[in-house]
Every structure is written in structure tokens, then in C-alpha cells.
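Visitor: here is a sequence together with a model predicted from it:
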Amino acid sequence: MEIKINKTACPKEKPEASTLGFGKVFTDHMFVMDYSREEGWHDARIVPFGRIDLHPASTVLHYGSEIFEGLKAYRRADGKVQLFRPMENIRRMNSSAERLCLPTIDEADALKILETFVSLEQDWTPSAPGTSLYLRPFMFGNDESLGVHAVNNATYMIIASPVGSYYKEGINPVKIMIEADDVRAVKGGTGYVKCGGNYAASNRAGEKAEKQGYSQVLWLDGVERKYIEEVGAMNVMFKINGEIVTPMLTGSILPGITRKSCIEVLKNAGYTVNERLISVEELGEALQNGTLEEAWGCGTAAVVSPIGELCYKGEKFVINNGEIGKVTQMLYDTLTGIQWGKIEDSFGWTYPID
Ligand code: PLP
Ligand code: COI
């Protein structure tokens, strides 16, 4: 596959590391590739970052045929830039594409695209502690007609943004509200893939939580509203009475790459991790009797984020005195250590960029 590169004539000034939030500043270039049923994927190109042209009847604007991924490039202590488990994102993107009847991309091509793009933009990877270059691959259906059906045309793009921490709290514990009314996903739906619609439908609960001082929502299952699923942009894990538990992948939860990595790190460190159903009653009891020792979220944007307070139906519970717990800290140190090249990657998860 050939990737044409058209470099910008006016590179932008790179932002100060201290001003970085999440996804507000973008690099000089973007990757674009078109798909049609007749030609397959074609015209792979890296072009100056800029606006895109869409037909007003474009499928994505009406029927939400959009999927995305999120991964980061990290600046190592020795100055090199590396990715973290990029094939996992590529495979999940294809799983999302399959669910939404969008075209899949050959895995080797997808990796070459990512590598070529990051290699070109690598100077944008900041080096200050906790910063990285967030990569956002996304794909959308692009037929110029209003019929509802699997698309004949699509576009795949990658944009990149130098980022600091996702939450204003950084590594400090966040406050999360358990959502009792709205649901995010059901089995058979799209919860296990990363499509824009999942996030659009979650905004109402997110707004409600934010108004009350909470960072995100913890979703319950969509059928019984009984079992803990995940947080808006993270999977969740708990230490209850010594047992490390995380909701099992039932089909409505996103199979997070950070979740998978945390489980592998924990098992490697000798912990047992149980992937099982966790009811909100079980969690409530553990909160009330003090056996909920630690709670944390895990995701690419947020890395490992301690949960210091949970609110359910108006009742507030502080976890571990609002402090980061031992297991949470170990996971944060191990994952960020591997990602930023500070500790040896004995798992073979990192992917250096030349
Ligand atoms: N769950 C949801 C809903 C997410 O948006 C994310 C973020 O991508 C995650 C979980 C964590 O997934 P990952 O660790 O692959 O970033
Ligand atoms: C990520 O962690 O990459 C996410 O996608 C979270 C989010 C900003 C939706």
C-alpha cells in the first residue's frame, strides 16, 4: 500500500506542556483514506490538518455510522517515541467496523498507516511527565444518499493531539456517580465496540453527574439495572475484601486494552483477578461495611485512575479515605513505567517508532 505525503507549508507552534488538556490542540497533519465498494480502500494520504468536506446527506450525519479508536504515542526517557499495544486497537477497530457494517482494514496496512503517520508527527509527542500524543483513528460511512443500509463508501482518518491528563484531578482520586436511570448499552447492541453513538447516548447522564460535581457515570447493565458495567471512558476494577474483581465482558462492555493489560500485570504480580458479575447491591454492601478497599478506572485516556467517591441514588460513599490504594498505585506505576519506557517491558507491549 502506498501512502502519499503532502507536508504542510506552515507548521504550527507546539504548545507548552503545562497548558495541555485533552484533545484541544492538533498536530500539523492528518491521515485520510477513502473506501468504495468497487475500489476497496484507496488514495491513502497524509495531508495538512484541516477541515473536511461532507455532503449534507452523508450517512454519518444522519445514521451515526462512525467508529473510533484511542491510543497514545509516548516519549521515552531516551527520547524515542513508542506506541502501546497498537495491534489491539487495530483489531478492535475491525471488530467495531464489522458490527456497524463499515469496511475493515487489513491489519498490516492499518499498522503501516499508524506507523507512517506517527513517524511524521513524532516531534509533537511531548516529554513532560504524564503527557503523550493521543492518536484518534476514526472511520465513517460516507454515502451521499438518505437510504438506511450498509454503506458503499467510507472514509478512514487519523488525527493526533498532544495531551496532558484526561481528568483535571490527574492521578488524584475522581468522584463517580452510579447512574440508575439511563443505560449505555445492552447485549446484542453496540456496547462492546467503539462507536460514536454509544457516547452520544451517554451524554445526558454525564451532564447530570457533572452538574453534581462528579467526573463520570458508572453504568449499570441495561436489562436488570443490577450489574456494574463500566465508566464513561474507562473500565472499572474493585478490591473487595481482598478479592480483585472486574465486570466480566458480557457483550455490552467495551473490552478495554488497559483493562486487559491491568489483568495481565496483576496476574503477573501474583494477584488473582476475578472477571465476574458484580451487582450494585454487592458494591453497596461493601461500601457500607467498609470492605470496598480500592476502586479504580482504567482506560487509554485516563490510564489508571483511582475512584475516591461513589454516589448511588443520592448517597455518597468515600473509598479508602479518598486516597489512592496500593494496588491502584502499583498498576499506575507499572503501566506508565512501561508506556514511558521507564521500566523494562517484559510483556512485549511497546512498539517503537523510527
Ligand atoms: N470503556 C469505554 C466506554 C471507553 O471509552 C474506554 C476508552 O477507550 C475504555 C472503556 C477503555 O478502553 P481502552 O483501555 O482500550 O482505552
Ligand atoms: C480513550 O481512552 O481513548 C477514550 O476513547 C476515552 C474517550 C475520550 C472517549
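Guide: Structure received. Ligands and ions are numbered 1, 2, ... in the order given.

Visitor: quick one, what contacts Ala302?
Guide: Ala302 is in contact with Ser165, Tyr166, Tyr167, Ala233, Met234, counting by C-beta atoms under 8 Å, 6 or more residues apart in numbering. All C-beta spots, glycine's among them, are computed from the backbone N, C-alpha and C.

Visitor: so which of those is the most crowded?
Guide: Greatest neighbour count in the contacts of Ala302, by other C-beta atoms under 10 Å, goes to Met234: 29 neighbours.

Visitor: what sits opposite that residue in the beta ladder?
Guide: Counting by DSSP bridges, Met234 is bridged to Val231.

Visitor: surely it is in contact with Gly297?
Guide: Yes - using C-beta atoms under 8 Å, Met234 is in contact with Gly297, at 3.3 Å.

Visitor: so for the two, which residues contact both of them?
Guide: Gln216, Ser305.

Visitor: in space, what's closest to the residue in the stretch 101-250 of the chain positioned nearest to ligand 2 - neighbours in sequence excluded?
Guide: Relative to ligand 2, the nearest point of the stretch 101-250 of the chain is Ala233 (3.5 Å; C-beta to the nearest ligand atom). Of all residues not flanking Ala233 in the chain, Gly299 sits nearest, at 5.4 Å (C-beta to C-beta, 6 or more residues apart in numbering).

Visitor: ok, back up a step: any idea which of the contacts of Ala302 is the one closest to Leu102?
Guide: Ala233 (21.7 Å; C-beta to C-beta).

Visitor: give the contact list for that closest one.
Guide: Per C-beta under 8 Å, 6+ apart, neighbours of Ala233: Tyr166, Gln216, Gly299, Ala301, Ala302.

Visitor: who's the closest spatial neighbour of the fourth one, skipping the chain neighbours?
Guide: Going back to what we said before, that points to Ala301. In space, Ala301 is closest to Tyr166, 4.1 Å off (C-beta to C-beta, 6+ apart).

Visitor: which residues touch the one you found?
Guide: Here Tyr166 is in contact with Phe22, Ala233, Gly299, Ala301, Ala302, Val303, Ser305 (C-beta under 8 Å, 6+ apart).

Visitor: tell me the one among the contacts of Ala302 nearest to Leu83.
Guide: Tyr166 (18.1 Å).

Visitor: taking the stretch 51-200 of the chain, what residue is nearest to ligand 1?
Guide: Counting by C-beta to the nearest ligand atom, the stretch 51-200 of the chain gets nearest ligand 1 through Gly70, at 4.9 Å.

Visitor: actually the stretch 101-250 of the chain, not the one I typed
Guide: Ala233 (4.2 Å).

Visitor: so how far is Val25 from that residue?
Guide: 19 Å (C-beta to C-beta, to the nearest Å).

Visitor: check Ile343 too.
Guide: 29 Å.

Visitor: between those two, which one's more packed in?
Guide: Ranked by neighbour count (other C-beta under 10 Å), Ile343 and Val25 place Val25 first, with 17 against 13.

Visitor: hang on, the more buried one packs against Pro162?
Guide: Yes - counting by C-beta under 8 Å, Val25 does reach Pro162; the two are 6.0 Å apart.

Visitor: what do these two both touch?
Guide: With C-beta under 8 Å, 6+ apart as the test, Val25 and Pro162 both reach Pro15.

Visitor: show me the contacts for the residue of the chain found nearest ligand 2.
Guide: Using C-beta to the nearest ligand atom, Gly70 is the residue of the chain that sits closest to ligand 2, at 2.2 Å. Gly70 makes contacts with Asn89, Tyr134, Leu135, Arg136, Lys194, Thr300, Ala301, as judged by C-beta under 8 Å, 6+ apart.

Visitor: next one: stretch 347-354 to chain centre, how far?
Guide: In terms of C-alpha atoms, centre = their mean, to the nearest Å, the centre of stretch 347-354 is found 19 Å from the chain centre.

Visitor: span of it from start to end?
Guide: 21 Å (C-alpha to C-alpha, to the nearest Å).

Visitor: contacts for it?
Guide: Residues contacting stretch 347-354 (C-beta under 8 Å, 6+ apart): 73, 80-86, 115, 118-119, 122, 261, 264-265, 268, 338-339, 341.

Visitor: make it 10 Å
Guide: The contact list for stretch 347-354, computed with C-beta atoms under 10 Å, 6 or more residues apart in numbering, reads 71, 73-74, 76, 78, 80-88, 111, 114-122, 125, 257, 261, 264-265, 268, 334-335, 338-341, 345.

Visitor: just the buried members of the residues you listed?
Guide: Among those, those buried by neighbour count (16 or more other C-beta atoms under 10 Å) are 71, 73-74, 76, 81-88, 111, 114-118, 120-122, 125, 257, 261, 265, 334-335, 338-341.
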